[in-house]
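Novice: Test case, fold it:
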Amino acid sequence: MSSDIFIGGGGPDHATKQFLDLGYANRHGLIAGATGTGKTVTLQILAEGFANAGVPVFLSDVKGDLSGLAVAGSETAKLHVPFTERAAKIGFDDYAYQSFPVTFWDLFGQQGHPVRTTVSEMGPLLIAQLLSLSEAQEGILNIAFRVADEEGMPLLDLKDLQSLLVWVGENAKDLALRYGNVSTASVGTIQRRLLVLENQGGAQLFGEPALALSDLMRCDAEGRGRINILAADKLMASPKLYATFLLWLMSELFEELPEVGDPDKPKLVFFFDEAHLLFDDAPKALVDKVEQVARLIRSKGVGVYFVTQNPADVPDDILGQLGNRIQHALRAFTARDRKELRQAAETYRENPRFDTEEAIREVGVGEAVTSMLQRKGVPGVVERTLIRPPSSRLGPITVAERAAVLAESDLAGKYETVQDRNSAYEMLKARAEAAAKEAEKIEAAAEAEDEAAREFQKARRYGGARSSGGSRSGRKASNGFGDAIASAVIKELKGTTGRRIVRGILGGLFKGR
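Specialist: Residues are numbered from 1 along each chain as shown. Next comes the predicted model:
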């Protein structure tokens with residue numbers, strides 16, 4: 001397998017081949033450009049190059065076009081002639097159509113294997129970002145996670161978290177003594193946000209079996225890296241869920257993979273499409289987290305490539321770590337656009353043959369301004385490059401073709417059936433049922449005590465000797481008012497308040513005997 005990936009042809013006549021050195025491919029990269037300038041095709045040919053080099057790839061298919069990687073291009077396609085002409089122009093001598101080993105994934109389980117993680121693995125920071133929580137609400141979420149750890153209650157799915165928050169709200173006063181104020185109003189807000197997430201289909205992200213990272217880092221029988229495609233066309237309707245999931249996946253790769261230093265080629269390449277969604281309105285703590293992961297994940301052998309419309313969408317601290325760059329055309333209609341265009345041009349190593357700013361503004365569809373890391377990680381001189389044509393189909397595959405790929409997948413059946421083992425929801429439910437049974441026992445004992453009290457009163461009332469004197473009619477007259485009072489008192493004693501009074505008084509009497 002080659003030690004580099006052919007990108008396209010540069011130079012005045014596009015005859016100078018441009019390559020991405022696999023030894024520096026884990027130094028991260030950027031694919032940028034306005035809508036319709038060819039970013040998706042560039043992402044597609046990079047995925048093909050990495051796969052042929054034996055490097056697994058993970059990417060999200062925002063528009064459905066990248067599913068074509070699973071099927072070879074065709075000589076009957078309308079772009080066959082332009083593609084072959086371009087291949088000849090840039091010196092792509094071994095250009096041929098081919099399909100690639102693809103594994104489809106889908107958070108909703110409709111267009112690919114289901115993708116899940118657990119609430120515990122996602123963690124409070126990312127869930128707070130997903131739910132757009134305030135600092136105080138995030139604090140309560142952290143308390144809930146701490147309680148779950150201390151009580152040994154696994155948080156696997158949304159119902160686990162929802163039931164735990166109910167428990168936190170009910171025990172707010174006790175928890176406040178140890179962790180600080182727990183506002184039941186904030187707990188309610190979190191519950192409402194979880195309900196919205198559930199209505200958006202986010203509940204399907206959480207649960208088991210959770211995604212095994214090893215299933216993303218596989219090669220086929222021929223040694224080609226598998227291309228993992230996340231169906232994101234429906235997922236994009238919930239941009240927070242989309243961005244948070246990809247950030248979680250990137251963080252998991254960073255935390256679980258071992259250090260490998262500088263390998264000859266990456267262990268995995270991760271494409272983060274629509275990268276601006278990750279940084280829009282993101283708190284500083286989250287941006288710092290992304291910067292940390294981007295800086296350190298390189299030593300784990302993972303290359304991260306951000307795909308966005310404008311380099312300005314990526315914070316400067318992260319942008320400075322993206323050494324391999326493919327910049328498609330940027331529009332400059334406003335003063336702000338012109339400023340961002342100038343700033344983008346200033347980040348490249350100048351080429352004396354042309355003005356970089358002008359080139360970024362003028363490159364056509366399928367053409368880009370490129371700069372790849374060279375020997376010792378030095379950025380290459382910027383070049384106007386005609387991007388090579390793809391070998392796989394340009395455009396989406398059919399429903400039947402996708403179904404065939406899924407049926408042939410060696411992961412078929414591994415993630416489709418949901419597992420629901422004993423976790424926080426079941427544990428708290430069992431506690432509630434045990435408490436209810438205990439309450440029933442106490443209530444039954446209280447009823448028995450009430451009955452004993454009534455029997456005791458009867459014994460006091462009717463157990464004495466009869467008086468032999470006095471008029472019978474006089475006794476009836478005197479007992480009429482007394483019977484009415486007694487009836488009212490007994491009726492009151494049958495109520496809840498009455499039972500408490502009887503238990504209090506008679507309990508004291510019995511205790512003294």
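Novice: Would you point out the helix or strand in this protein whose mean pLDDT is lowest?
Specialist: helix 496-512 (a mean of 45; mean pLDDT, DSSP states H and E).
Novice: Report the contact partners of the residue positioned nearest the centre of the chain.
Specialist: The central residue of the chain, meaning the one whose C-alpha is nearest the mean C-alpha position (Cα atoms, centre = their mean), is Phe245 at 2.8 Å. For Phe245, the residues meeting the contact criterion (Cβ atoms under 8 Å, 6 or more residues apart in numbering) are Leu107, Val115, Leu205, Leu235. Every C-beta, even on glycine, is put in place using the N, C-alpha and C of the backbone.
Novice: Show me which of the residues you listed is closest to Pro56.
Specialist: Val115 (15.6 Å; Cβ to Cβ).
Novice: Hmm, that closest one is touching Tyr415, no?
Specialist: Yes - the pair Val115 / Tyr415 is scored as a contact, 7.5 Å apart, by Cβ atoms under 8 Å.
Novice: between these two, what contacts are shared?
Specialist: Leu211.
Novice: Next, Asp273: phi, psi?
Specialist: Dihedral angles of Asp273 (phi, psi; degrees, to the nearest 10) stand at phi -80, psi 150.
Novice: Apart from its neighbours in sequence, what residue is nearest it?
Specialist: Taking Cβ to Cβ, 6 or more residues apart in numbering as the measure, Asp273 lies nearest to Val307, with 4.4 Å between them; neighbours along the chain are not counted.
Novice: Wait, a helix at the one you found?
Specialist: No - Val307 sits outside any helix when classified using DSSP: H, G, I helix; E, B strand; the rest coil, being strand.
Novice: List the contacts of it.
Specialist: Contacts for Val307 (Cβ under 8 Å, 6+ apart) come out as Leu30, Ile31, Ala32, Lys39, Leu43, Phe271, Phe272, Asp273, Glu274, Ala275.
Novice: quick one: it from Leu164, how far?
Specialist: When distances are taken as Cβ to Cβ, to the nearest Å, Val307 and Leu164 turn out to be 37 Å apart.
Novice: same thing with Thr356?
Specialist: The spacing between Thr356 and Leu164, counted by Cβ to Cβ, is 54 Å.
Novice: any idea which element Ala144 lies in?
Specialist: Assigned by DSSP states H and E, Ala144 falls within helix 135-151.
Novice: Do a quick rundown of the strands in the stretch 251-400 of the chain.
Specialist: If DSSP state E, counting those that start in this stretch is used as the criterion, the strands of the stretch 251-400 of the chain fall at 268-273, 302-308, 324-327, 367-371, 383-387.
Novice: Mean pLDDT and distance to Ala435 added to those, as a markdown table?
Specialist: Putting these into a markdown table (pLDDT from 0 to 100; distance: least, Cβ to Cβ, whole Å) gives the following:
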| stretch | mean pLDDT | distance to Ala435 |
| --- | --- | --- |
| strand 268-273 | 94 | 47 |
| strand 302-308 | 95 | 48 |
| strand 324-327 | 96 | 60 |
| strand 367-371 | 96 | 65 |
| strand 383-387 | 96 | 66 |
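Novice: Of all those strands, which one comes closest to Leu406?
Specialist: Distances from Leu406 to each of the strands of the stretch 251-400 of the chain were compared using Cβ to Cβ; the shortest belongs to strand 268-273, at 21.3 Å.
Novice: Can you spell out which helices and strands pack onto the closest one?
Specialist: Under the contact criterion of 3 or more Cβ pairs under 8 Å, 6 or more residues apart in numbering; DSSP states H and E, the helices and strands touching strand 268-273 comprise helix 39-52, strand 57-61, helix 239-256, strand 302-308.
Novice: Bridging across strands, which residues link to Ile229?
Specialist: Beta bridges link Ile229 to Leu59, Phe104, judged by DSSP bridges.
Novice: What is the neighbour count of it?
Specialist: Other residues within reach of Ile229, judged by other Cβ atoms under 10 Å, total 27.
Novice: can I assume it is in contact with Asp65?
Specialist: No - using Cβ under 8 Å, Ile229 is not in contact with Asp65, being 10.5 Å away.
Novice: and Thr118, what does it touch?
Specialist: Neighbour list for Thr118: Pro154, Leu155, Leu156, Asp157, Phe206, Gly207, Glu208, Ala210 [criterion: Cβ under 8 Å, 6+ apart].
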